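> model the following, please.
(one chain, ligands or ions: 3)
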Amino acid sequence: MVILHEKAPGLMNNPIPVYTTDEIRAIEQLAFSMPNPPGLMEKAGLAAAHIAKDNLLVDGRNSVLVMAGPGNNGGDALVAARYLHNWGFQVTTIFTGVAARLSPDAKRALESWLAAGGHLHDEIPADVQWHAIVDGLFGIGLNLAKHPFDEKYRQLIETINSMQLPVLALDIPSGLDADTGTAPDAVIKATITASFIGLKPGLLMHDGSECTGKIIVCNLDLDTLSLITPRSWLLDHNAIHYCLPSPRPANSHKGGFGSVGIIGGASGMIGAARLAGMAALKLGAGRVYLGLIAEAPLTIDPTQPELMLRPVDELFELDHLTCLVVGPGLGQEITASLCLEKALHTPLPLVLDADALNLIAAYPELATALRSRQTPTIMTPHAAEAARLLHTDPASIQRDRFTAAERLAKDFNCALVLKGAGSLCMLTNGHRYFNTSGNPGLSSAGTGDVLSGMMGAFLAQGLSSEQALLLAVYLHGSAADALLGAWHGPIGMTASEIIDSARCLLNRWVYGDEAQTRYAHSVSVY
Ligand SMILES: NC(=O)C1=CN([C@@H]2O[C@H](COP(=O)(O)OP(=O)(O)OC[C@H]3O[C@@H](n4cnc5c(N)ncnc54)[C@H](OP(=O)(O)O)[C@@H]3O)[C@@H](O)[C@H]2O)[C@@H](O)CC1
Ligand SMILES: Nc1ncnc2c1ncn2[C@@H]1O[C@H](COP(=O)(O)OP(=O)(O)O)[C@@H](O)[C@H]1O
Ligand SMILES: [K+]
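Ligands and ions are numbered 1, 2, ... in the order given. Predicted structure coming up:
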């Protein structure tokens with residue numbers, strides 16, 4: 001996913017806000033109540049026309065099919081059609097609405113289109129070829145719960161997709177829900193999405209990741225940050241800047257980088273704890289202890305001897321642990337739940353993953369212990385674990401990941417990442433971050449264990465739970481993206497490879513080009 005900003009210099013190097021439909025509507029109201037209200041539809045249509053001209057209608061491609069729907073998204077399309085027509089392109093416009101029911105802005109757009117010499121068609125003409133399509137059927141006003149698509153819209157969308165032409169979606173690909181990213185029926189597969197005013201959550205998660213193409217944010221000259229305080233942000237390189245650990249002082253020792261305890265590794269699942277341990281080690285923890293549930297644990301890990309393997313009870317006797325990661329390969333036997341209970345009662349920051357979450361879902365007393373913790377906890381559920389915690393099914397979680405993440409954070413008094421394509425991070429202050437990194441190479445066993453180990457490493461190095469959460473989620477996905485870039489995936493990418501790739505990236509991010517020279521002694525004799 002590539003996200004570009006048009007004319008938004010103020011946002012560079014700062015986190016990029018993401019707005020729900022309600023927030024976009026609130027911004028719109030505030031803009032309309034300004035002394036000289038900006039003509040937002042005119043600006044949206046003009047921005048869209050520029051994007052079509054500069055990206056799709058190039059190299060002699062000069063004809064465009066514009067789809068204008070029944071609402072203001074259709075109004076934007078009619079404005080874009082007018083500009084493209086005035087600039088000399090051949091424009092065919094399909095209008096699916098009823099003129100008498102248009103908003104005043106959209107009505108004006110329609111009249112201006114007709115006054116400029118444009119025509120309106122009811123259906124896509126059969127005998128014409130185009131070079132590109134502008135999709136202005138539906139934007140944030142699509143309401144499939146209220147009225148599902150009738151056959152006309154389903155067929156229009158399927159026809160557009162089957163034409164194999166580049167498509168510019170206005171605001172959001174038609175058929176996609178702007179808040180949840182779900183597309184329960186037909187949905188436009190866009191090449192570019194011009195997202196007006198700001199990013200929408202639905203563009204960034206669930207089906208959204210499949211159908212937006214490149215996203216270009218057009219802020220329509222609005223300084224949105226001065227109008228409302230956003231609660232949602234894009235998790236990209238801008239956002240993790242303040243989460244990076246500082247360069248290490250030359251005069252450092254392992255005690256300065258914390259000690260992670262990892263509790264998991266029941267019989268048959270030792271690998272999960274081991275992966276979390278290796279991730280904690282290679283992302284910079286000073287010491288890593290594995291407290292294994294398995295009855296006859298190994299005493300040493302021959303391929304990673306730096307990991308200190310202990311029977312799980314001994315882990316609780318260590319007095320210098322900085323944080324605990326509970327869950328990788330934990331299982332759900334009685335020893336596992338007793339260990340989890342002990343962990344929940346320690347004053348250490350916790351990362352809870354996998355079976356730790358399943359146990360909390362199953363035993364109300366563990367959930368109560370979690371809710372009453374005074375030190376930070378991070379949870380890392382995927383949709384199925386989230387469903388168990390909220391006593392629902394994974395499909396319901398996926399239908400509204402946003403609400404699910406919010407409920408989990410509130411119900412369990414935790415920061416969390418709801419994992420999956422477009423991972424969603426919830427902080428305890430109510431702020432949400434939409435991850436932009438990662439790819440299907442991560443869909444293999446063990447990558448979640450690596451993520452929890454990375455969080456442990458960052459907590460151990462002194463980052464706050466929020467910083468550890470955001471940095472780990474973004475870095476984990478970026479590590480997979482770097483592997484993909486080198487053809488080590490997406491097919492066959494392994495969790496162990498993510499660890500090494502993440503280590504490489506983290507060092508580059510923290511040190512830039514300076515790592516090799518920073519600690520070199522420069523002594524000369526004069
Ligand atoms: N907000 C702003 O500041 C700005 C907004 N702008 C633009 O406006 C867009 C939002 O416009 P919008 O509110 O008119 O909604 P829109 O997406 O056109 O759809 C509503 C229409 O679709 C209909 N409809 C819905 N579901 C349907 C279904 N399943 N099947 C059939 N019909 C269905 C619905 O009918 P109703 O539910 O009213 O019966 C109504 O007629 C926004 O995305 C952006 O592009 C820009 O101009 C810049 C400033
Ligand atoms: N298609 C995908 N795109 C981006 N990230 C993904 C995708 N599939 C999986 N992931 C990420 O991979 C990790 C998988 O975690 P999890 O399901 O707990 O795996 P495991 O339990 O096998 O370790 C999560 O961080 C998730 O967000
Ligand atoms: K659209």
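
> Pro70 and ligand 3, how far apart?
Pro70 is 12 Å from ligand 3, where distance means Cβ to the ion, to the nearest Å. Every C-beta, even on glycine, is put in place using the N, C-alpha and C of the backbone.

> OK, contacts around the nearest residue to that residue once chain neighbours are set aside?
The spatially closest residue to Pro70, leaving aside those adjacent along the chain, is Gly97, at 3.2 Å (Cβ to Cβ, 6 or more residues apart in numbering). When contacts are counted by Cβ atoms under 8 Å, 6 or more residues apart in numbering, Gly97 touches 68-71, 74, 106.

> in the stretch 101-250 of the chain, which residue sits closest to ligand 2?
Ser209 (7.7 Å; Cβ to the nearest ligand atom).

> could you list the buried residues of stretch 507-521?
509, 511 (16 or more other Cβ atoms under 10 Å).

> that one: end-to-end distance?
Using Cα to Cα, to the nearest Å, the end-to-end distance of stretch 507-521 comes out at 20 Å.

> what does that stretch contact?
Outside stretch 507-521, the residues within contact range by Cβ under 8 Å, 6+ apart are 240, 244-247, 250, 475.

> so what's Thr92 up against?
Thr92 is in contact with 63-66, 121, 125, 128, 130, counting by Cβ under 8 Å, 6+ apart.

> again, but for Gly448
Applying Cβ under 8 Å, 6+ apart, we find Gly448 in contact with 328, 353-354, 380, 382, 419.

> top of these by number of neighbours, please.
Pro328 (34 neighbours; other Cβ atoms under 10 Å).

> tell me the backbone dihedrals of that one, please.
phi -60, psi 110 (degrees, to the nearest 10).

> on that earlier part again, the contacts of Thr92, buried ones only, as a ChimeraX selection?
Buried residues within the contacts of Thr92, by 16+ other Cβ under 10 Å, are selected in ChimeraX with:
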select :64,65,66,130
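
> before we move on, back to that, hmm, the residue of the stretch 101-250 of the chain closest to ligand 2 is touching Phe434, no?
No: with contacts counted by Cβ atoms under 8 Å, Ser209 stays clear of Phe434, the gap being 10.3 Å.

> which of the contacts of Gly448 fall within strands?
The members of the contacts of Gly448 all map outside strands under DSSP state E.

> list residues touching both of Ser209 and Phe434?
Gly422.

> just the contacts of Gly97: which are in strands?
Ala68.

> tabulate the contacts of Gly97 (TSV), appending neighbour count, distance to His521 and pLDDT.
Below are these laid out as TSV (neighbours: other Cβ atoms under 10 Å; distance: Cβ to Cβ, whole Å; pLDDT from 0 to 100):
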residue	neighbour count	distance to His521	pLDDT
Ala68	30	69	98
Gly69	26	68	98
Pro70	19	72	97
Gly71	20	68	97
Gly74	29	68	98
Ala106	25	70	97
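
> going by distance to ligand 1, which of the contacts of Gly97 wins?
Checking the contacts of Gly97 against ligand 1 by Cβ to the nearest ligand atom gives Gly71 as the nearest, at 2.4 Å.

> my read is that that closest one contacts Phe138, right?
Yes: judged on Cβ under 8 Å, Gly71 makes contact with Phe138 at a distance of 7.0 Å.

> ok, back up a step: look at Ser209 and Phe434 and report which has more neighbours.
Of the pair Ser209 and Phe434, Phe434 is the one with more neighbours under other Cβ under 10 Å, namely 25 against 17.

> what is the burial count for the nearest residue to the more buried one once chain neighbours are set aside?
Nearest residue to Phe434, sequence neighbours excluded (Cβ to Cβ, 6+ apart): Leu204, at 4.2 Å. Neighbourhood size, Leu204 [other Cβ under 10 Å]: 25.

> next up, the contacts around Leu204.
1, 18, 181, 234, 422, 434, 436.

> now do Pro440
Here Pro440 is in contact with 421, 490 (Cβ under 8 Å, 6+ apart).

> roughly how far apart are it and Asn161?
For Pro440, the distance to Asn161 equals 21 Å [Cβ to Cβ, to the nearest Å].

> same deal with Lys254?
To Asn161, Lys254 is 56 Å away according to Cβ to Cβ.

> who has more neighbours out of these two?
For Lys254 versus Asn161, neighbours defined as other Cβ under 10 Å are more numerous around Asn161 (18 against 10).

> so what's the more buried one closest to, chain neighbours aside?
Lys189 (5.2 Å).

> helix/strand/coil for the one you found?
When classified by DSSP: H, G, I helix; E, B strand; the rest coil, Lys189 comes out as coil.

> thinking it is in contact with Ser174, fair?
No: the pair Lys189 / Ser174 is not scored as a contact, 10.5 Å apart, by Cβ under 8 Å.

> of these two, who's got more company?
Taking other Cβ under 10 Å, Lys189 and Ser174 do not tie; Ser174 has more neighbours (28 against 17).

> pop out the phi and psi values for the nearest residue in space to the more buried one that is not next to it in sequence.
Distances taken as Cβ to Cβ, 6+ apart put Leu137 closest to Ser174, at 3.8 Å, once the chain neighbours are dropped. Dihedral pair for Leu137: phi -70, psi -60, per degrees, to the nearest 10.

> quick one, what contacts Leu137?
67-69, 73-74, 96, 153, 156-157, 174, 188.

> again, but for Pro70
96-98, 101-102.

> quick one: which of these is most hemmed in?
For the contacts of Pro70, the largest number of neighbours (other Cβ under 10 Å) sits with Leu102, at 22 neighbours.

> my guess is that one contacts Leu110. True?
Yes: taking Cβ under 8 Å as the definition, Leu102 is a contact partner of Leu110 at 6.3 Å.

> so what sits against both of these two?
Listed as contacting both Leu102 and Leu110 by Cβ under 8 Å, 6+ apart are Gly75.

> quickly find the element holding Ser337.
Under the criterion of DSSP states H and E, Ser337 resides in helix 334-344.

> what distance do you get for Ile133 to ligand 1?
16 Å (Cβ to the nearest ligand atom, to the nearest Å).

> shouldn't that residue be within a strand?
Yes: under three-state DSSP, Ile133 falls within a strand.

> OK, contacts around Leu244?
The contact partners of Leu244, by Cβ under 8 Å, 6+ apart, come to 471, 506, 509-510.

> same deal with Ala31?
Counting by Cβ under 8 Å, 6+ apart, Ala31 touches 37-38, 40, 222, 227.

> hmm, try it at 6 Å
Shown in contact with Ala31 (Cβ atoms under 6 Å, 6 or more residues apart in numbering): 38, 222.

> kindly report the same for Ala183.
Neighbouring residues of Ala183 by Cβ under 6 Å, 6+ apart: 175-176, 207.

> wasn't Thr93 part of a helix?
No: applying three-state DSSP, one finds Thr93 to be strand, outside a helix.

> surely it and Ala81 touch.
Yes: using Cβ atoms under 6 Å, Thr93 makes contact with Ala81 at a distance of 4.9 Å.

> can you list residues touching both of those two?
Val66.

> which of the two has more neighbours?
Neighbour count, other Cβ under 10 Å: between Thr93 and Ala81, Ala81 has more, with 33 against 26.

> hmm, who's touching the helix ranked longest in the chain?
For the chain, the longest helix by residue count, based on DSSP state H, is helix 465-485. Residues from elsewhere that reach helix 465-485 (Cβ under 6 Å, 6+ apart): 235, 240, 243, 349, 376, 378, 415, 417, 423, 425, 427, 433, 435, 437-439, 441-442, 451, 454-455, 458-459, 489-490, 493, 497-498, 501-502, 505.

> so what touches stretch 339-357?
263, 312, 316, 323-328, 330-332, 359, 369-370, 375-381, 385, 452, 455-456, 459, 465.

> just the buried members of these?
For the contacts of stretch 339-357, buried by 16+ other Cβ under 10 Å: 263, 312, 316, 323-328, 330-331, 359, 369-370, 376-381, 385, 452, 455-456, 459, 465.

> still on that earlier bit, quick one: which of the contacts of Leu137 is nearest Gly284?
The closest of these to Gly284 turns out to be Ile188 (Cβ to Cβ; 44.0 Å).
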